[in-house]
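Chemist: coords below, sequence missing:
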């Protein structure tokens, strides 16, 4: 049986104001908090970069967050995260440069793959280690 967070609606006792409030709650829950999304992105690839953290200097909102990245090559970037994807907005921490027109990447992996050869190597090695571990587990 699947667990859900929804409570069954009581059709007989619903008034119009209750329906409106239920709808509002649903809409608010549907809005993504980009800071949480950004934290998840950072945690996902931190192993393959020198430093990476959500910017505290630049504003986070429902639709945008900024992530500071230092690659293993010691290059620094400020990356914007939106529903469109991730893109470099400056070549230093906690900065944005409106003149930059860098392309959006759908994933942090794609972005880092273009920025850092060392990331690509680290990611490949991590993948190989995981496959080796799966192979070992499958043989026991």
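Modeler: All right, it came through fine. Given the structure is predicted, the values throughout are model-derived calculations rather than measurements.
Chemist: alpha carbons only for contacts and neighbour counts from here, please
Modeler: OK.
Chemist: and the longest helix along the chain, what does it pack onto?
Modeler: Scanning the chain for the helix with the most residues, using DSSP state H, yields helix 117-139. Here helix 117-139 is seen to pack against helix 108-115 when contacts are counted using 3 or more Cα pairs under 8 Å, 6 or more residues apart in numbering; DSSP states H and E.
Chemist: would you state the strands of this protein in chain order?
Modeler: Under the criterion DSSP state E, the chain carries strands at the ranges 51-54, 65-70, 76-82, 85-90.
Chemist: let me have the ones you listed in a markdown table, extended by mean neighbour count, mean pLDDT and distance to residue 114.
Modeler: As requested, the strands of the chain are exported to a markdown table (neighbours: other Cα atoms under 10 Å; pLDDT from 0 to 100; distance: least, Cα to Cα, whole Å):
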| stretch | mean neighbour count | mean pLDDT | distance to residue 114 |
| --- | --- | --- | --- |
| strand 51-54 | 20 | 98 | 16 |
| strand 65-70 | 25 | 98 | 13 |
| strand 76-82 | 23 | 98 | 13 |
| strand 85-90 | 22 | 98 | 11 |
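Chemist: of all those, which one is nearest residue 116?
Modeler: The closest of the strands of the chain to residue 116 is strand 65-70. By Cα to Cα, the value is 9.6 Å.
Chemist: one step back: may I see the buried residues of the longest helix of the chain?
Modeler: 118, 119, 120, 122, 123 (16 or more other Cα atoms under 10 Å).
Chemist: local confidence estimate at the residue most central in space within the chain?
Modeler: Against the mean C-alpha coordinate of the chain, by Cα atoms, centre = their mean, the closest residue is residue 41 at 3.4 Å. pLDDT, the model's per-residue confidence, is 96 for residue 41.
Chemist: over to residue 45?
Modeler: Residue 45 is assigned 94 on the pLDDT scale.
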